[in-house]
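S.K.: Sharing a model prediction with you, sequence too.
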Amino acid sequence: LELNLVPIHQENNEFSGLLLVLQDVTAIRRLERMRSEFVANVSHELKTPIAAVKGFAETLLGGAVNDEETARSFLQIIFDESDRLNRLIGDILALSKIESKRVPLYFSPVELDSFMLKTVTMMETEAARKSIKLDLQMENGLYVEADEDRLRQIMMNVIANGINYTPEGGKVSVNIRSLDEDHIRIQISDTGIGIPKKDLPRIFERFYRVDKARSRSSGGTGLGLSIVKHLIELHKGTISVTSEVGNGSTFVIELPVLQQ
Ligand code: ADP
């Protein structure tokens, strides 16, 4: 609680008393703390690729540039890390826009048959690269009222994770059905590495990664699921996850058919 004393004056400016204001500032303080934690996280995340770019450029300038093979591999690292920086900044901006609700959503009826077929086809190449089977099963004739681009972003993110965290030869299945008159249920399961129980409640937090090295090497920013969760909430839906280490994970998204 914060205590404030506000003097009260009459019309002729004469002092007439004190107003005592007791304010519960817990929520405000928590918001401030979250904001400064976010800034600290962002700085930390940006520092790593910047340090790599700087370090390898320095070594090149220091003479490594004369050895063609070394030069090539260092330049590749510099290129990859710049790419990563780009993605990070893109995700950070997207998240901050979504969180402050500065994203306009354009709702329209989305016919799921063709929408999902198109979305899954877009992920086909990535899956094929790891010989992962992408399976789509759905009831015909379903639709939801959604922002189509955002819905695609949601689906692609979760499917891409399934592919990323599943070893070669595995499978990612997408299953869509109507839950009741007003809701549909989208289930995305993989046969991947799974998520330890203790990490499950935290994977939707920004920058939270079970295995930092693994996420980095697959190009992850740790922001994907956090963006997904916000976008689903803007659609008045929910997302949840169950998982078993070594056996795979299942993400369940429930969306209302109509936005009121
Ligand atoms: P990242 O960019 O690291 O993939 P996300 O926000 O998309 O970030 O996911 C957060 C973390 O959750 C990942 O780093 C990973 O540890 C875990 N994760 C997400 N999806 C899966 C999955 N399908 N299988 C196993 N782990 C997953």
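M.R.: Looks like it arrived, so ask away. Since this is a predicted model, take the numbers as computed values, not measurements.
S.K.: now the one helix or strand residue 44 maps to: mean pLDDT?
M.R.: Counting by DSSP states H and E, the element that carries residue 44 is helix 26-61. Mean pLDDT, computed over helix 26-61, is 88.
S.K.: Wait, residue 258 touches residue 182, no?
M.R.: Yes: between residue 258 and residue 182 there is a contact at 7.1 Å, judged by CB atoms under 8 Å. For glycine as for every other residue, the C-beta is placed from the backbone atoms N, C-alpha and C.
S.K.: my guess is residue 127 is in a helix, correct?
M.R.: Yes: assigned with DSSP: H, G, I helix; E, B strand; the rest coil, residue 127 falls within a helix.
S.K.: if I pick it, what's in contact with it?
M.R.: For residue 127, the contact set (CB atoms under 8 Å, 6 or more residues apart in numbering) comprises 133, 134, 163, 172.
S.K.: Of those, keep whichever come out buried.
M.R.: 134, 163, 172 (16 or more other CB atoms under 10 Å).
S.K.: OK, contacts around the first one?
M.R.: Remark: with contacts taken as CB under 8 Å, 6+ apart, residue 134 is in contact with 120, 123, 124, 127, 159, 163, 171, 172, 173, 174.
S.K.: hang on, the earlier thing: of residue 258 and residue 182, which one has the most company?
M.R.: Higher neighbour count among residue 258 and residue 182: residue 258, with 14 against 10, using other CB atoms under 10 Å.
S.K.: check contacts around that one.
M.R.: Counted by CB under 8 Å, 6+ apart, residue 258 has contacts 144, 145, 182.
S.K.: Now the second one: which helix or strand?
M.R.: Under the criterion of DSSP H and E, residue 145 resides in strand 143-146.
S.K.: Now find how far off-centre the helix or strand following that strand is within its chain.
M.R.: Sequence order places helix 148-164 as the next helix or strand after strand 143-146, per DSSP H and E. On the basis of CA atoms, centre = their mean, to the nearest Å, helix 148-164 sits 10 Å off its chain's mean C-alpha point.
S.K.: go on, stretch 165-175?
M.R.: For stretch 165-175, the distance to the chain centre is 20 Å (CA atoms, centre = their mean).
S.K.: with the contacts of residue 258 in mind, which one is nearest to residue 73?
M.R.: Set against residue 73, the nearest of these by CB to CB is residue 144 (47.3 Å).
S.K.: Stretch 231-249 vs the ligand: in contact?
M.R.: Yes: contact check for stretch 231-249 against the ligand, using CB under 6 Å from any ligand atom: residues in range are residue 249.
S.K.: So which residues lie in contact with that stretch, not counting its own?
M.R.: Taking CB under 8 Å, 6+ apart as the rule, stretch 231-249 contacts 98, 101, 103, 105, 146-147, 150-151, 153-154, 162, 165-166, 170, 189-196, 200, 203-204, 228-229, 250-256, 259.
S.K.: Point me to the residue of the stretch 1-150 of the chain nearest the ligand.
M.R.: Of all residues in the stretch 1-150 of the chain, residue 91 sits closest to the ligand, at 8.3 Å by CB to the nearest ligand atom.
S.K.: where's that residue, which helix or strand?
M.R.: Assigned by DSSP H and E, residue 91 falls in helix 68-99.
S.K.: Extract the CA atoms of whichever helix or strand comes after that helix and return them as CSV.
M.R.: Per DSSP H and E, the first helix or strand lying C-terminal to helix 68-99 is strand 108-111. Written as CSV, here are the backbone C-alpha positions of strand 108-111 (Å, rounded to 0.1, in the frame of the first residue of the first chain):
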residue,chain,number,x,y,z
SER,A,108,-13.9,-13.1,-41.3
PRO,A,109,-15.3,-16.6,-41.7
VAL,A,110,-12.4,-19.0,-42.4
GLU,A,111,-13.3,-22.3,-44.1
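S.K.: Okay, now the sheet partners of strand 108-111, with direction.
M.R.: Using DSSP bridges, the strands paired with strand 108-111 are strand 143-146 (antiparallel).
S.K.: returning to what we had before: next, the angle helix 68-99 makes with the helix holding residue 44.
M.R.: 160 degrees (axes from the mean of the first three to the mean of the last three CA atoms, to 10 degrees).
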